[in-house]
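Participant: Provide a 3D model corresponding to the input given below.
(2 chains)
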There are 2 protein chains.
Amino acid sequence: MLSLDQLKEITRQSDSKIVLLVIDGLGGLPRPDTGKTELETAHTPNFAELASMGTCGLTDPVSPGITPGSAPGHLALFGYDPIKFTVGRGILEAMGIDFDLKKGDVAARGNFCTLNDKGLVTDRRAGRISTEENAKLCQKLSKIVLDGAELYVVPVKEHRFLLVFRGNGLSGDASDSDPQQVGVVPLSVVASSTKGKKTAKLANEFATKAKAILADSHPANMVLLRGFSQHPNLPTMNEIFKLNPAAIAAYPMYRGLAKLVGMKVLNTGSTLEEEFNTLAQHYAEHDFFFIHVKKTDSTGEDGNFDAKVRALEEIDKLLPEITNLNPDVLIVTGDHSTPAMLKGHSWHPLPIIIYSKWCRTDHVREFGETACTSGALGRFPAVEVMPLAMANALKLTKFGA
Amino acid sequence: MLSLDQLKEITRQSDSKIVLLVIDGLGGLPRPDTGKTELETAHTPNFAELASMGTCGLTDPVSPGITPGSAPGHLALFGYDPIKFTVGRGILEAMGIDFDLKKGDVAARGNFCTLNDKGLVTDRRAGRISTEENAKLCQKLSKIVLDGAELYVVPVKEHRFLLVFRGNGLSGDASDSDPQQVGVVPLSVVASSTKGKKTAKLANEFATKAKAILADSHPANMVLLRGFSQHPNLPTMNEIFKLNPAAIAAYPMYRGLAKLVGMKVLNTGSTLEEEFNTLAQHYAEHDFFFIHVKKTDSTGEDGNFDAKVRALEEIDKLLPEITNLNPDVLIVTGDHSTPAMLKGHSWHPLPIIIYSKWCRTDHVREFGETACTSGALGRFPAVEVMPLAMANALKLTKFGA
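Facilitator: Reported below is the predicted structural model:
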């Protein structure tokens, strides 16, 4: 496919509007007794109508067989090759709690852990201490003074916290101190390039001082750090696609991912009604809308097949709130599959509907994993969704003479 | 997919014959009242028979969503990745009028334009002057003498002309003087690499002298130049595929594209009968034939749905002229879609039939965009058509031990 630089050459601004509805964890697996997935079980007449009018297919967020995290799943849908553009764990952790990252910051994911009297890790999660206990410990660690950088230690949940260094000359080129196993000592952080030397030094200094401060806080008597990373500085969707894009998402991580690609994040309530109302209210102000629906993923992660079915039916019921706005292009898909049968993200491709006046229809008359298999879009990488959206919105000029 | 160098290693010469019928602008969009595309509306029993015996699918000339120009559309079908191998606008313009380019020539597309008394462009097409007027002005400009290169100024049509520099040390690395908007002055041509310096200097000198010569020729009182480019020096189809390929095309641009990849261009009349007769006459002399049919594209560009339907029916009616020759491999597809509904090239994938004794059939029994969706070839990049053609002609050996 074209590089972003090549794409940039053929994109053009126009008044047409694109709505991308991302149903998190949309794809599923059939329940053995019925042979039907969550989506195939759900009663979804509005999706069926959209599938009938639109063109359907299956997308692979990364490539066949690869289970994506939330970042690659979304970056692909926004048009960024998720193999080329990566978001570090530290940065994702910062986005997940709406931490206001500055340019040059290095973020890492921290765990409180338990060391025995020999200094060996006996529990990588410190018995999952309470979030309240976590907050108290983070306050203590925040008082650490480092030579050459400011420090932020922010509680996340249970044993997890966010560590941010702010200063000059930092880099994400530093290894983890988390050994990812028990019975060993925490690792020293090592620079993987000369750029990473300062960060590694700061990280080791932080760990040493944290160990001293936490000495009496058993089971949380040490920290493990991983995923040192910096803001990936992606080209914005405005630069590439000449769009004025907006995001409607209730969860911080998805708002953060949208910010990474330069979307304006709209204030919204967390229910589906509120999200769809936000779309209607701001519909005149933007030409691209990303709407994120979370419940399908959470219910899938819980292994609650029926709750995921109900979540899908709820979206279907409210779909006319979007279609009544008559967007020039409406895309319904997901960032990855979360089959209730697997209680987690999976590698299965995602059903997709692309609807526009110019989309060329196919024989697909319902929205489901099996039905979409025979759609005209075939099976394709999710990173090609944006070029298709732009084409259907008549926002792409010819490639080549 | 394999690189051309890797492909070259496994191609072999043999007596089998491949015929590639390219129906320009083949793909369409359904007319709202019938829900059928041009191809689906046309009565095409011979295509249907071929689809029944062959294997079908949909091809993307470049990648999903991308609308190709004629050059990328054809290069892909000839086996050349159209993202990697590009043909500049100047070269394409030269090919369109059968200009005999030499190695090292730099070609550009020229427009006569109108400047006002402040030197600002007021009409980028000089009121579309007549081709006769254009020819007179080109004759005047041909007398310009440049330091270090010969000059050719050749009329094309209305306000368009071809500019060619011939000499040593030239390169296409030079920017456009065409500002692509009115109300501004023509741009200076700037070298985009050190290689492009001489070309930029020549271009600016030409523009200055042209302005003086055209001072009294309002509305055509200046020139705008764009698409400086050189012959892309592609490896030939003979080098890669060990074929002795021939082209049958009535329009200069397609003959030019065929020459670019080393095909022998056969003399032919411009009607379908004449093109198909040319095939029969020369059938013994070559093992690969590219036949280009233009009318489907022109009628699509005109937005004339019914005329495109008739053009397709005409091809279908004469198809036995090809099948009666019993080619070992017969491929029917297009270089891009030109839906009458859009009056121009579009991004929609192309139906394709690949017929051979070894092709493995599928359930497709008619030739149409929707029918081909369920073909055994699925949806795939057009650059993979040639490897499939070669394989079906038993002209490819095993890859790897």
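
Participant: which ones are touching the closest residue in space to residue A:169 that isn't next to it in sequence?
Facilitator: Using C-beta to C-beta, 6 or more residues apart in numbering or on different chains and skipping residues adjacent in sequence, the residue nearest residue A:169 is residue A:198, 5.0 Å away. Backbone N, C-alpha and C define where each C-beta goes, glycine included. If a contact means C-beta atoms under 8 Å, 6 or more residues apart in numbering or on different chains, then residue A:198 has A:148-149, A:167, A:169-171 as its contacts.

Participant: wait, which of those is closest to residue B:131?
Facilitator: Within those, proximity to residue B:131 (C-beta to C-beta) peaks at residue A:171, which comes in at 61.8 Å.

Participant: wait, what's in contact with residue A:40?
Facilitator: Under the criterion of C-beta under 8 Å, 6+ apart, the contact partners of residue A:40 comprise A:30, A:366, A:368-371.

Participant: Run through those and flag the ones next to chain B.
Facilitator: Subset of those in contact with chain B: empty, counting by C-beta under 8 Å from any C-beta of the partner chain.

Participant: Out of those residues, name the ones that lie in helices.
Facilitator: When those are checked against helices (DSSP state H), the matches are A:369-371.

Participant: Make TSV out of the residues you listed and add pLDDT, neighbour count and distance to residue B:394.
Facilitator: Conversion of the ones in helices among the contacts of residue A:40 to TSV gives the following (pLDDT from 0 to 100; neighbours: other C-beta atoms under 10 Å in any protein chain shown; distance: C-beta to C-beta, whole Å):
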residue	pLDDT	neighbour count	distance to residue B:394
A:369	98	23	38
A:370	97	15	37
A:371	97	18	38
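
Participant: buried stuff in whichever helix in chain A runs longest?
Facilitator: Longest helix of chain A, by residue count under DSSP H: helix A:197-213. Of the residues in helix A:197-213, those buried by neighbour count under the rule 16 or more other C-beta atoms under 10 Å in any protein chain shown are A:197-207, A:209-210.

Participant: Near chain B, which residues of chain A? Just list them.
Facilitator: So far as C-beta under 8 Å from any C-beta goes, chain A lies against chain B at A:1-2, A:6, A:10, A:358, A:360-363, A:374-380, A:384, A:386-392, A:396-401.

Participant: What remains of the residues you listed if I keep only buried residues?
Facilitator: The neighbour-count test (16+ other C-beta under 10 Å) marks A:1-2, A:10, A:358, A:360-362, A:375-380, A:384, A:386-392, A:396, A:398-401 as buried among these.

Participant: Those residues in helices, which ones?
Facilitator: Judged by DSSP H, helices contain the following of these: A:10, A:386-392.

Participant: Could you list the low-pLDDT ranges of the stretch 251-400 of chain A?
Facilitator: Residue ranges of the stretch 251-400 of chain A with pLDDT under 70: none are present.

Participant: in it, which spans are strands?
Facilitator: Listed in chain order, the strands of the stretch 251-400 of chain A (DSSP state E, counting those that start in this stretch) span residues A:264-265, A:288-293, A:329-333, A:350-356, A:378-381.

Participant: Residue A:237 is nearest to which of those?
Facilitator: Among the strands of the stretch 251-400 of chain A, strand A:288-293 comes nearest to residue A:237, with 7.0 Å by C-beta to C-beta.

Participant: What is that closest one packed up against?
Facilitator: Of the remaining helices and strands, those touching strand A:288-293 by 3 or more C-beta pairs under 8 Å, 6 or more residues apart in numbering or on different chains; DSSP states H and E are strand A:18-23, strand A:245-248, helix A:272-282.

Participant: and the longest one, which residues are buried?
Facilitator: Same thing as helix A:272-282. Within helix A:272-282, the residues that qualify as buried by neighbour count (16+ other C-beta under 10 Å) are A:272, A:275-279, A:282.

Participant: try the shortest one
Facilitator: The neighbour-count criterion (16+ other C-beta under 10 Å) identifies A:245-248 as the buried residues of strand A:245-248.

Participant: In the stretch 1-150 of chain A, what residue lies closest to chain B?
Facilitator: Distances from the stretch 1-150 of chain A to chain B, computed as C-beta to the nearest C-beta, single out residue A:1 as the nearest residue at 4.1 Å.

Participant: what's the answer for the stretch 101-250 of chain A, then?
Facilitator: When C-beta to the nearest C-beta is the measure, the stretch 101-250 of chain A has its nearest residue to chain B at residue A:241, with 11.5 Å between them.

Participant: That residue and residue A:398: what is the separation?
Facilitator: Separation of residue A:241 from residue A:398 (C-beta to C-beta, to the nearest Å) stands at 16 Å.

Participant: what's the answer for residue A:79, then?
Facilitator: Per C-beta to C-beta, residue A:79 is found 19 Å from residue A:398.

Participant: do residue A:263 as well
Facilitator: When residue A:263 is compared with residue A:398 (using C-beta to C-beta), they lie 28 Å apart.

Participant: For residue A:282, which non-adjacent residue is closest in space?
Facilitator: Skipping the residues right next to it in sequence, residue A:282 comes nearest to residue A:266 by C-beta to C-beta, 6+ apart, at 5.5 Å.
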